[in-house]
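Engineer: Provided below for reference: sequence and predicted model.
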Amino acid sequence: MNDDPPRRSREALNRLVAAAGLPSVTSVRPINGDGDGLDNHLVKAELTDGRAVVLRRSRVESASPESRIGFLRSNGVTTPELYAADHEGTSLWEFVPGRTLAEAVETGTVTGTVWRRTGEALAEVHGVVFPAPLQGPIEVDSLTLRPVDPVEELCASLHESAVWVEREHPHLLEALRRVEGFVVEHAAEIRAERPTVTHGDINLLNIVVTDDEAVRLIDWDFPTVRYPLAEIAAFDEHAYLHGLEGLPHAFFEGYGRAVPEDLLLAYRVVGCLGWLSSDDWREWDETPDLPGPARTRLRAWHERLLAWADRLPDLVKALG
């Protein structure tokens, strides 16, 4: 969205501020330098009453998320307040002050308290439970669930990844088979979990830490009903992508529920191989207007994922 004139963002901002009945805008500036994120163009505005709001303009046209956000908030999930939105992918949100968890990790200033509160925040989301084995996306105006057996889902993902593994990294095939055997052996334990609401894009860039170490989850574009261990494994992977070995103990203290290490590892292997074998990397490479910092970050993530995958023969020994 680099070719989008600032005037259009200002017009959309004024329109949505008026629709929300908010005071007029006094100042506007892009977030993150030029305002370009991976999925959205972001603009922060100050209002005459001192409040700050964020205008998000999606890279793709999409309907208003009002119904979806209302569903989440009515079920006890804390999200930033949505003030107004249109059906073209533009929305006006409460601005959550602070820095991302990614920034806190990068600067070495993240504390155990922050990690515990992050665990508590995710536990709140995962507290909205659905009957097993229903799974599906929480769309902007609908919730479509269907029964999806988690064991079959994990095995199917491994089978799809096996094609890529055999072609690109055949030395990992034995580790892949070992993980599949573990999943089948622990089928009852996996199926005993209940699906829940999940954030759907949980990573350190979508978590804001305030000055008093409160934690807020932002960017609710992809909430989904799925098995929560899959989301914890994805978050564990993102902690690794930001230079950690994985989620620290303090996170699990805050989360407050048992997370078996062997199941977490199995889910993480499935997710890692699934992501590496996906078309995401090619599509990002072929996206001409992808912001430079995002492109650099994604390439670093790809290299780090490959490095972790190369360790699988040793890592999966923990699965017995």
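Structural biologist: Done, it's in. Residues are numbered from 1 along each chain as shown.

Engineer: can you count the residues close to the nearest residue to G89 once chain neighbours are set aside?
Structural biologist: Excluding the flanking residues, the one nearest G89 by Cβ to Cβ, 6 or more residues apart in numbering is S58, at 3.4 Å. The way it works is simple: take the backbone N, C-alpha and C, and place the C-beta from them, glycine included. Using other Cβ atoms under 10 Å, S58 is surrounded by 16 other residues.

Engineer: what's the answer for Y83, then?
Structural biologist: 19.

Engineer: What helix or strand is it located in?
Structural biologist: Using DSSP states H and E, Y83 falls within strand 82-85.

Engineer: May I have the strands that pair with that strand, each with its orientation?
Structural biologist: In the sheet, strand 82-85 lines up against strand 90-94 (antiparallel) (DSSP bridges).

Engineer: List the buried residues in the partner strand.
Structural biologist: With burial defined by 16 or more other Cβ atoms under 10 Å, the residues of strand 90-94 counted as buried are 90-94.

Engineer: next one: phi and psi at the residue nearest to G89?
Structural biologist: Main-chain torsions, S58, degrees, to the nearest 10: phi -70, psi 150.

Engineer: Hmm, D86 and it touching each other?
Structural biologist: No - taking contacts as Cβ atoms under 8 Å, S58 lies outside contact range of D86: 10.6 Å.

Engineer: on that earlier part again, beta partners of the residue nearest to G89?
Structural biologist: N40.

Engineer: quick one, what contacts the residue nearest the centre of the chain?
Structural biologist: In the chain, the centroid-proximal residue (Cα atoms, centre = their mean) is D201; its distance is 1.6 Å. Residues counted as contacts of D201 (Cβ atoms under 8 Å, 6 or more residues apart in numbering) are 219, 221-222.

Engineer: now, among those residues, which is nearest to L145?
Structural biologist: F222 (15.6 Å; Cβ to Cβ).

Engineer: Next, the contact list for that closest one, please.
Structural biologist: 137, 199-201.

Engineer: What's the separation between it and A250?
Structural biologist: Distance of F222 to A250, given as Cβ to Cβ, to the nearest Å: 26 Å.

Engineer: mind listing what's buried in stretch 81-89?
Structural biologist: Buried residues in stretch 81-89, defined by neighbour count with 16+ other Cβ under 10 Å: 82-86, 89.

Engineer: just for the stretch 151-300 of the chain, where's the confidence low?
Structural biologist: Of all residues in the stretch 151-300 of the chain, none has pLDDT under 70.
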